[in-house]
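K.L.:
got a predicted structure here, sequence first:
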Amino acid sequence: MIEWSSTTIKAFQTTLLDWYDKAGRDLPWRHDHEPYHIWVSEIMLQQTQVQTVIPYYERFMAWFPTVTALAQAPEERLLKAWEGLGYYSRVRNMQRCARQLLADYDGQWPQTAAELSDLIGIGPYTAGAIASIAFNEPVPAVDGNAYRVFSRLLEIDADITKPGTREIFEQAISRIMSTDRPGDFNQAIMDLGASYMTARQPDTAHSPVKAFNQAYLDGKELDYPVRTKKPRPQPVDYVAVVTKMGPDWLMTQRGSKGMLANLWTVPLIKLTDLDVTTDDSAADLISAVRQYFKQEYQLILTATTLAVRPVTHTFTHQKWTIQLLQGQVEPAELAFFAGERVSPTDLATLPMPKVQAKIWDRYRQADPE
DNA sequence: TAAGCGTGGAG
DNA sequence: TCTCCAAGCTT
C-alpha cells in the first residue's frame, strides 16, 4: 500500500468533488438528505445494482412514505414490495429497525455512525453512508466500490473477503476523505466505482482520477481488489407440485428462517426428503409425492407428470433443479395443511420468489389454457 | 471467522 | 451454460 502526502490528498479531494459536482448521477434518493430516504436506498442497494433498485425505491416510497408507515405495515405487504429484489431478510429487518426507532429513539434518527450501527440491519457500511450523507459526519462508507477504488488507487493488497480488512480501508479512507463534504465524497467514490473504475472493464484512461491511480500507472489495475473466490453453488433436486382445488391453487408459506423465509410457493419438496433420486421412474416419484402429501398434509393427491423441462434456479449457495408435477386434491382435509387454498384473485397479493415465477412460466408452457 | 442469504447483468 | 460481480448484514 502506498501513502499519500497531504498535498496529494487535497488535490484528490478537489479533483473528485469537482468531477462529482459536474457528473454525479441524478438518483431519486439524492433529491434530499432525509435519513429515511437515504436509509431505504442504502438497504436496497446492498448487493444490488442501481438500475434494479430505482423502480423498487419509487414504489416503496409510495407505499411506505414514513418510518411510521413502514413500522405499521403488514409483513405480506412488505415482502410484496420487496418481491424480486432478493435477500428478503433486508426488508423484514427494516421493519424491525423502524419499530426500534419508534420505541427506543422517540422516532428520531441517531446522527452518528456509532449509534446507527446499533440499529437492526444497519452494519458498518450503511451506518457510514447514512451518517455521512444525511448528517454530514466525516466517516467512511466502505462498500464494494470503495474496496475497488481505493485498492487500485493505493495498491492495497489485503483480501477484501476477510472481515478484518475493512478496518485497513476505513483507516486509509479516513485520512483521505473530505471533512467538509463527507457525504458527497462517499457518493463520488460510488459513482466512480460504477463508471470509470468498474470491476471488469475499467475505463481509467478517461477517469478524472487516473493520475492518482497507482495500480493503473503500474499496469496492474485488474489485479485489484484482491479477493478469494467463492465456492460454486451445490446442486439440489426438488419436485414442485402445482396443485389445484377446483378453481383455486394450493400454496404454502415457507418457514420464518432460512432461504426465502415467509415467501409463498407451490408445495416444493426436496427429493432427498422423498427417498427417491432423479434416476427413479416418474411413477415412483408420483407414488412418493402422494405418500408425502398424505403424511405431511393429510391430503389425498392425484398427480401426473408434466412433459416439460425441469426449472432451474441458481442462488448464491445452491442450484435447484425442479421437476414439475400437476396435482389435484379433494377439498376435504385442509386443516392440517401448512398452507392455503388461494383463489386466482388472491394469488396476486402473495409475495413469491423468482423461482416460483419460473415454475408458473413452465407450468403454463405445459398447460396453456 | 465462515457460512448463509437472491437476483440480474455482463462476458 | 458458466462464472463473476453488484451501494452487506446476521449469526
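P.N.:
Perfect, thanks for sending it. From a predicted model like this one, the values you see are computed outputs, not experimental measurements.

K.L.:
ok, now which ones touch A:P138?
P.N.:
Counting by Cβ atoms under 8 Å, 6 or more residues apart in numbering, A:P138 makes contact with A:132, A:174, A:177-179, A:182. No exception for glycine: its C-beta is placed from N, CA and C like everyone else's.

K.L.:
does it belong to a helix, a strand or coil?
P.N.:
Using DSSP: H, G, I helix; E, B strand; the rest coil, the structure places A:P138 in coil.

K.L.:
how far away is it from A:D191?
P.N.:
According to Cβ to Cβ, to the nearest Å, A:P138 and A:D191 sit 19 Å apart.

K.L.:
got it, and A:A205?
P.N.:
Using Cβ to Cβ, A:A205 is found at 18 Å from A:D191.

K.L.:
just the pLDDT at the closest residue to A:A146 other than its chain neighbours, thanks.
P.N.:
Nearest residue to A:A146, sequence neighbours excluded (Cβ to Cβ, 6 or more residues apart in numbering): A:I189, at 5.5 Å. For A:I189, the model assigns a pLDDT of 97.

K.L.:
number of residues surrounding whichever residue of the stretch 101-250 of chain A sits closest to DNA strand C?
P.N.:
In the stretch 101-250 of chain A, no residue comes nearer to DNA strand C than A:G123, which is 2.4 Å away by Cβ to the nearest atom of the strand. Applying other Cβ atoms under 10 Å, we find 12 residues neighbouring A:G123.

K.L.:
so what's it up against?
P.N.:
A:S117 are the contacts of A:G123 under Cβ under 8 Å, 6+ apart.

K.L.:
how much space is there between it and A:I43?
P.N.:
Using Cβ to Cβ, A:G123 is found at 10 Å from A:I43.

K.L.:
how about A:A282?
P.N.:
Taken as Cβ to Cβ, the span from A:A282 to A:I43 is 44 Å.

K.L.:
quick one: is the strand or helix carrying A:T243 near DNA strand B?
P.N.:
Following DSSP states H and E, one finds A:T243 within strand A:234-245. No. Taking Cβ under 7 Å from any atom of the strand as the criterion, strand A:234-245 and DNA strand B are apart, separated by no less than 8.2 Å.

K.L.:
show residues contacting that strand.
P.N.:
A:249-250, A:265-272, A:274, A:277-278, A:285, A:289, A:293, A:301, A:303, A:306, A:311, A:317-329, A:331, A:341, A:359, A:363.

K.L.:
quick one: buried ones out of those residues?
P.N.:
A:249-250, A:265-269, A:271, A:274, A:285, A:289, A:293, A:301, A:303, A:306, A:311, A:320-327, A:329, A:341, A:359, A:363 (16 or more other Cβ atoms under 10 Å).

K.L.:
re the thing from before, what about A:A205 and A:D191, which has more around it?
P.N.:
Under the criterion of other Cβ under 10 Å, the comparison of A:A205 against A:D191 puts A:D191 first, with 19 against 8.

K.L.:
is the longest helix along chain A positioned near DNA strand C?
P.N.:
Counting by DSSP state H, the longest helix found in chain A is helix A:6-23. No. Helix A:6-23 lies out of reach of DNA strand C by Cβ under 7 Å from any atom of the strand, never closer than 11.6 Å.

K.L.:
report the buried residues of that helix.
P.N.:
Of all the residues in helix A:6-23, those buried under the rule 16+ other Cβ under 10 Å are A:9, A:12-13, A:15-17, A:19-20.

K.L.:
name the helices or strands packed onto that helix?
P.N.:
Applying 3 or more Cβ pairs under 8 Å, 6 or more residues apart in numbering; DSSP states H and E, one finds that helix A:6-23 contacts helix A:165-176, helix A:182-194.

K.L.:
now stretch A:312-321: mean pLDDT?
P.N.:
The model assigns stretch A:312-321 a mean pLDDT of 95.

K.L.:
measure the closest residue to A:T316 other than its chain neighbours to A:I120 for me?
P.N.:
In space, and not counting its chain neighbours, A:T316 is closest to A:P233: 6.9 Å by Cβ to Cβ, 6+ apart. Counting by Cβ to Cβ, the gap from A:P233 to A:I120 is 28 Å.

K.L.:
then A:L285?
P.N.:
Distance of A:L285 to A:I120, given as Cβ to Cβ: 42 Å.

K.L.:
also A:K210?
P.N.:
Distance from A:K210 to A:I120, by Cβ to Cβ: 41 Å.

K.L.:
how about the residues of chain A by DNA strand C?
P.N.:
A:25, A:27, A:41-42, A:45-50, A:87, A:89, A:93, A:120-127, A:129, A:143-145, A:148, A:187, A:190-191, A:193-194, A:198-200, A:227, A:229-230, A:232, A:314, A:316.

K.L.:
still on that earlier bit, so which of the buried residues of helix A:6-23 reach DNA strand B?
P.N.:
Among those, none lies close to DNA strand B by the criterion of Cβ under 7 Å from any atom of the strand.

K.L.:
circling back: if I pick the residue nearest to A:A146, what's in contact with it?
P.N.:
Here A:I189 is in contact with A:16, A:145-146, A:149-150 (Cβ under 8 Å, 6+ apart).

K.L.:
in chain A, which spans are strands?
P.N.:
A:234-245, A:248-253, A:264-265, A:268-270, A:301-305, A:311-314, A:318-329, A:339-342 (DSSP state E).

K.L.:
let me have the ones you listed in a markdown table, extended by distance to A:L79.
P.N.:
Putting those into a markdown table (distance: least, Cβ to Cβ, whole Å) gives the following:
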| stretch | distance to A:L79 |
| --- | --- |
| strand A:234-245 | 20 |
| strand A:248-253 | 10 |
| strand A:264-265 | 9 |
| strand A:268-270 | 17 |
| strand A:301-305 | 28 |
| strand A:311-314 | 18 |
| strand A:318-329 | 20 |
| strand A:339-342 | 15 |
